[in-house]
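Q: coords below, sequence missing:
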């Protein structure tokens with residue numbers, strides 16, 4: 001329902017650093033061809049202790065190479081131009097989870113993408129978060145998003161191999177999946193340092 005020319009996201013349990021919006025607006029003013037901009041993020045456990053820093057790829061080419069393999073944006077960090085959102089469409093209610101991943105894939109067809117390298121949001125890793133509780137749904141949604149991208153020719157046919165990764169993960173017991181993803185539970189996602 002928001003009508004502003006720039007729309008920023010922040011999940012209810014996450015935090016934005018005071019300079020986040022100013023830094024993102026400054027970047028977007030200097031780069032009018034970029035329609036979706038995220039940032040790196042600090043991740044903290046339920047007690048507030050730092051666990052990791054998520055450092056997604058920063059430039060359009062690197063983001064596009066990553067996008068077919070994993071979600072290269074921290075959802076709470078993104079700001080999007082209303083004009084490109086209107087062209088690409090909004091969150092698809094047909095996706096019970098991973099709506100953000102689907103939206104980024106569609107936005108990639110109408111605008112350039114970027115991430116700021118600085119962690120400008122703090123993501124709280126709570127036990128009840130969707131990525132932990134609805135892992136099977138997330139994996140199915142990722143496969144669907146990737147298949148739609150290949151089928152629409154946004155990516156070459158050989159990228160269909162990346163559709164198989166989440167489907168193969170579904171065959172593993174959930175405990176094995178958690179172990180493979182590592183301490184923050186986001187294997188295949190942006191680089192952690």
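A: Looks like it arrived, so ask away. As the structure is a prediction and not an experimental result, all values here were calculated from the model. Numbering: from 1, shown residues only.
Q: Mind giving me the packing neighbours of the lengthiest strand in the chain?
A: If you go by DSSP state E, the chain has its longest strand at strand 112-124. With contacts taken as 3 or more Cβ pairs under 8 Å, 6 or more residues apart in numbering; DSSP states H and E, strand 112-124 sits against strand 15-16, helix 20-30, strand 34-44, strand 50-55, helix 60-67. In short, each C-beta sits where N, CA and C put it, glycine included.
Q: can you tell which of those is closest to residue 101?
A: Residue 101 lies closest to helix 60-67 among the helices and strands packed on strand 112-124, at 8.5 Å (Cβ to Cβ).
Q: ok and the closest one relative to strand 34-44, angle-wise?
A: 60 degrees (axes from the mean of the first three to the mean of the last three Cα atoms, to 10 degrees).
Q: Helix 60-67: what's the following helix or strand?
A: strand 79-81 (DSSP states H and E).
Q: what's the spacing between that next one and its chain's center?
A: How far strand 79-81 lies from its chain's middle: 13 Å, per Cα atoms, centre = their mean, to the nearest Å.
Q: any idea how far the residue nearest the centre of the chain lies from residue 151?
A: Centroid-nearest residue in the chain: residue 73, 3.2 Å away (criterion: Cα atoms, centre = their mean). Distance, residue 73 to residue 151, by Cβ to Cβ, to the nearest Å: 22 Å.
Q: which residue sits closest to residue 103 in space, ignoring its chain neighbours?
A: Take residue 103 and drop its neighbours on the chain: the residue closest to it by Cβ to Cβ, 6 or more residues apart in numbering is residue 91, 5.7 Å away.
Q: right, I mislabeled it, should have said residue 17
A: Leaving aside its chain neighbours, residue 17 sits nearest to residue 120 (5.0 Å; criterion: Cβ to Cβ, 6+ apart).
Q: contacting residues around the residue nearest to the centre of the chain?
A: Shown in contact with residue 73 (Cβ atoms under 8 Å, 6 or more residues apart in numbering): 36, 38, 56, 63, 100, 104, 115.
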